[in-house]
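S.K.: Prediction below, plus the sequence it came from.
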Amino acid sequence: MKFDREKFFAAYTAAFAAPNDGQKQGLNALLDAAEADGEITDIRWLAYMFATVKHECADRWKPIEEFGKGKGHKYGVPVPVKDEQGRSYAHAYYGRGYVQLTWDYNYRNMGKVLGNRLLYEPELALQADVAYRIMSHGMRNGSFTGAKLSRFINAEGCDYVNARKIINGLDQAQRIAGYSTRLEKVLRESAVAAIPGVPSPQPQPAQPAAGGQRYTVTAASLNVRSGPGAANPTVTGSPLAQGTTVQGFETQDGWTRIAAPAGWVSAKYLEAAAPQVFTVSAASLNVRSGPGAANPTVAGSPLAGGTQVHAQQTQNGWTQITVPGTGVAGWVSSQYLQPAVPAPA
């Protein structure tokens, strides 16, 4: 994703207030990091991340230390640690960074993920690039509480209120949800295909496993679990009966994430289902690289009226499609698709 900074700050000012120099510097650093983060492809994820920073960092838009530095909390007491060279340290692992990372074990685990000395030098979490990587990895992978972005913000919907569970229960959930809604609008209004002088990745054909492939359950009864593995508990709506059609997303270690009910199932009990077929009802329909009019059109766009397409998933009024036999793949406005009428037998 790329963002026009002039449009961003104009939209931000309209949504909140004109940022001061320090806030503007911090927002620019966040935008730089987000533009370089290939793992964040849903603008709503980014909106929630920004909203978290706005709250956790007291509207300063930069990594900060927890006010009080953990006074009165167990994590505010220095903990002795020793590095690989046998050197000893004692640090209090109070909140630092964009998400206020706390506890020694979280610093240890995140340091391993990032490949740095975070456990021994916790002040690294106050560097903007490190703070962003902690936030992005942790919120995407459920590193902080076990909850992650894809659980609350996905092709089936967007729950900004309960997304607070990614960080800290439902503390200030409504407030942060409000920030998220406004920041999503700011980001959408400033998103562009590219910024002059900055190369942007070329659109890639949709990949079924990550883009919403429809599957049919082949097992007589298939458990849906909260995570990718049989050790995870089942979710509400489990098990699924044989023949049930589900929408599958990424696959991890032989498990596929599905929607409705949201969870994970063993991939070996899924079989690709026949695609949903639609006809283009508009005289001419643009195919874009992502779900939104701000995304660039793809090769083969526009589609002529009457073109038949295969639908994979729908998101915020946009449908991800492929055009059989052409290699054309991308996103179109759902309002210009109508179910294809089968040819007479």
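M.R.: Structure received.

S.K.: Where in the chain is the helix or strand with the lowest mean pLDDT?
M.R.: For the chain, the helix or strand with the lowest mean confidence is helix 208-211, at a mean of 38 (criterion: mean pLDDT, DSSP states H and E).

S.K.: Tell me which other helices or strands whichever helix or strand comes after it touches.
M.R.: Per DSSP states H and E, the first helix or strand lying C-terminal to helix 208-211 is strand 213-217. On a contact count with 3 or more C-beta pairs under 8 Å, 6 or more residues apart in numbering; DSSP states H and E, strand 213-217 meets strand 245-252, strand 270-272. Where you see a C-beta, it was placed from the backbone N, CA and C, and this is true even at glycine.

S.K.: right, so of those strands, which gets closest to residue 18?
M.R.: Counting by C-beta to C-beta, residue 18 lies closest to strand 245-252 out of the helices and strands packed on strand 213-217; the figure is 39.5 Å.

S.K.: Which elements pack onto the helix ranked longest in the chain?
M.R.: Criterion DSSP state H: the longest helix present in the chain is helix 173-190. Here helix 173-190 touches helix 5-15, helix 43-56, going by 3+ C-beta pairs under 8 Å, 6+ apart.

S.K.: Show me how far the longest one is from its chain's centre.
M.R.: Same thing as helix 43-56. The chain centroid and the centroid of helix 43-56 are separated by 11 Å, computed with C-alpha atoms, centre = their mean, to the nearest Å.

S.K.: C-alpha coordinates for it, PDB please?
M.R.: Below are the C-alpha coordinates for helix 43-56, written out as PDB (Å, rounded to 0.1, in the frame of the first residue of the first chain):
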ATOM      1  CA  ILE A  43      -6.400  -1.300   4.900                       C
ATOM      2  CA  ARG A  44      -8.700  -2.000   7.900                       C
ATOM      3  CA  TRP A  45      -5.900  -3.900   9.700                       C
ATOM      4  CA  LEU A  46      -3.700  -0.800   9.200                       C
ATOM      5  CA  ALA A  47      -6.500   1.500  10.500                       C
ATOM      6  CA  TYR A  48      -6.800  -0.600  13.700                       C
ATOM      7  CA  MET A  49      -3.000  -0.600  14.200                       C
ATOM      8  CA  PHE A  50      -3.000   3.200  13.800                       C
ATOM      9  CA  ALA A  51      -5.900   3.500  16.200                       C
ATOM     10  CA  THR A  52      -4.000   1.400  18.700                       C
ATOM     11  CA  VAL A  53      -1.000   3.700  18.500                       C
ATOM     12  CA  LYS A  54      -3.100   6.800  18.900                       C
ATOM     13  CA  HIS A  55      -4.500   5.400  22.100                       C
ATOM     14  CA  GLU A  56      -1.500   3.600  23.600                       C
END
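
S.K.: Let me see the mean pLDDT of it.
M.R.: In this model, helix 43-56 has a mean pLDDT of 95.

S.K.: cool, and stretch 147-162?
M.R.: Here the average pLDDT along stretch 147-162 is 88.

S.K.: Out of the helices and strands packed on strand 213-217, which gets the lowest mean score?
M.R.: The bottom spot among those, by mean pLDDT, belongs to strand 245-252, with a mean of 80.

S.K.: before we move on, the earlier item: which strands border the next helix or strand after the longest helix of the chain, and is each parallel or antiparallel?
M.R.: The helix or strand immediately downstream of helix 173-190 is strand 191-192, counting by DSSP H and E. Using DSSP bridges, the strands paired with strand 191-192 are strand 2-3 (antiparallel).
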